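**Student:** how would this look folded up:
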Amino acid sequence: MAETTPVDSPLYPRLLAGALRTALGDTPVACLLGPRQVGKTTLARQLEPAMGYVSLDDAATAAFAADDPAGFVAALPDPVILDEVQRAPELLRAIKLSVDNDRRPGRFLLTGSANLLLLPRLGDSLAGRMEIIDLHPLTAAEQAGQPGAFLARLLDGGLKPAVVNTAPPKAGSDTLVRHVLAGGFPEAVARTRPRARAWHRSYLRTLIERDVRDVANIRDPQELMRLLELMALRTGQLLNVSSLANELGVRRETVDHYLAVCERLFLLRRLQPWHSNRAKRLIKTPKVHLVDSGLCATLADLEAADAIGQRQRFGHLLETFVVQQLAAQAGWTAPELKLWHYRDKDQVEVDLVITRGREVWGVEVKAAATVTSRDGTGLRRLADQCGADFKGGALLYTGSSTLPLETGNCMAVPMARLWDM
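**Tutor:** Okay, here's the model as predicted:
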């Protein structure tokens, strides 16, 4: 059933490996969750090559697990990597019973391509016995072989002014646009842009035809694909369920269901609105981002030339890219961080609000190579709302110098800091 042969090292070292190793060192069950084809199995087997390995993608193995969960768990090697556990949710209770009898750390390393916490009946099956670690698509820093330290520097106040006498690359041909269009799925990153687009579409087709049934009943899988295409056109914008329902010709309840399915499969990310007791005029609608900017670009038919020709649409895609990078960096920087967005009734926005307890930071995204005194309005408003709880912020732009903004502890920071530090 199990194989223990070493596997090749991944092309890109994953910066989340340390967090996974720590979890295995003191917790009976570690669960690595993330989109399919993001590199979960590769990371698990590269990190723990001596562990047994069992994949529930094998139909016979999954049938055994579903028919006799206790017998299946008893037959597993110990310790074991159990791949694609969402295919046999019945196993979690059997694993719980096994762990209750033997709480040695590092016994089970589970991987899943669906968010177990959002699946019915599974939310608390292993509460207190399992640590969940989210593996995101490759960050630009991982692709560049860098430590991905931008978020850490933002949190510790380590972003300092630095004037660089270098003209920024021309929009539409720079490294930033390449990173945004590539996204972070390893297979897509390794391909040319036309081949990456083909891979993205094949990926979604396979996911919808095969994996959706693991998490929900869907009346018409093609409606789900059409919803994803609409969401790609609206990434980085406020969620409007009624508008989506009208365009799809379905009920609001159906759109809500489809959105929940996309979240369970790690295709969409909802950013809830940030609020405080002092803030009375805030918009309370979530923003929605596709989880991968490359996948989003394919669905929205955006290419490098659109960085100039479709600036508004590309700006939303750029915002999605930044959210993707910082959500991933949080995993190895400070997993307790929470991500939000800010928008008030004066239309003042902060693209990403980061909180840790009462502490608040803000990040704005600007698809331009210069900053002016008018930039950072959202950060100023957020700082006013937070008072002493506001710890700083960054306005990410496409220029070359790190420059102070009018708001205290806020900097205009080159977008390249996302992958070169």
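**Student:** Give me the number of neighbouring residues for Arg21.
**Tutor:** Arg21 is flanked by 13 other residues according to other CB atoms under 10 Å. C-betas here are computed from N, CA, C, even on glycine.
**Student:** can you start the count at 34 instead of 1 from here on
**Tutor:** Okay, residue one is now 34; in that scheme the one you just asked about reads as Arg54.
**Student:** Just confirm it contacts Gln79, I think it does.
**Tutor:** No - applying CB atoms under 8 Å as the test, Arg54 and Gln79 come out as separate, 11.2 Å apart.
**Student:** May I have the phi/psi pair for the nearest residue to Val113 once chain neighbours are set aside?
**Tutor:** Counting by CB to CB, 6 or more residues apart in numbering, the nearest residue to Val113 once its immediate chain neighbours are dropped is Gly85, at 4.2 Å. Phi and psi for Gly85, reported as degrees, to the nearest 10, are phi -60, psi 160.
**Student:** How confident is the prediction for Gly85, by pLDDT?
**Tutor:** Note for Gly85: predicted pLDDT of 97.
**Student:** now do Asp101
**Tutor:** Note on Asp101: pLDDT of 97.
**Student:** my read: Arg354 touches Leu214, true?
**Tutor:** If you look again at residue 354, you'll see it is Phe, not Arg. No - counting by CB under 8 Å, Phe354 does not reach Leu214; the two are 9.2 Å apart.
**Student:** Just the pLDDT at the closest residue to Val294 other than its chain neighbours, thanks.
**Tutor:** In space, and not counting its chain neighbours, Val294 is closest to Ala249: 4.7 Å by CB to CB, 6+ apart. Ala249 carries a pLDDT value of 79.
**Student:** Check Thr208 too.
**Tutor:** Thr208 carries a pLDDT value of 92.
**Student:** Could you give the number of residues near it?
**Tutor:** The burial count for Thr208: 14, using other CB under 10 Å.
**Student:** Distance check, it against Thr431.
**Tutor:** 10 Å (CB to CB, to the nearest Å).
**Student:** what do you get for Glu220?
**Tutor:** Using CB to CB, Glu220 is found at 28 Å from Thr431.
**Student:** where do the contact lists of Thr208 and Thr431 overlap?
**Tutor:** Common contacts of Thr208 and Thr431 (CB atoms under 8 Å, 6 or more residues apart in numbering): none found.
**Student:** Could you pull up phi and psi at the nearest residue to Ala50 once chain neighbours are set aside?
**Tutor:** Nearest residue to Ala50, sequence neighbours excluded (CB to CB, 6+ apart): Leu80, at 5.6 Å. Leu80 adopts backbone torsions of phi -80, psi -40, taken as degrees, to the nearest 10.
**Student:** in the stretch 284-433 of the chain, which spans are strands?
**Tutor:** Counting by DSSP state E, counting those that start in this stretch, the stretch 284-433 of the chain has strands at residues 301-304, 320-323, 371-376, 382-389, 392-398, 423-430.
**Student:** which of the ones you listed is buried the deepest?
**Tutor:** Comparing the strands of the stretch 284-433 of the chain by mean neighbour count (mean count of other CB atoms under 10 Å), strand 320-323 ranks first with a mean of 26.
**Student:** same for it, what does it pack against?
**Tutor:** In terms of contacts (3 or more CB pairs under 8 Å, 6 or more residues apart in numbering; DSSP states H and E), strand 320-323 is packed against helix 254-266, strand 270-271, strand 301-304, helix 326-333, helix 344-366.
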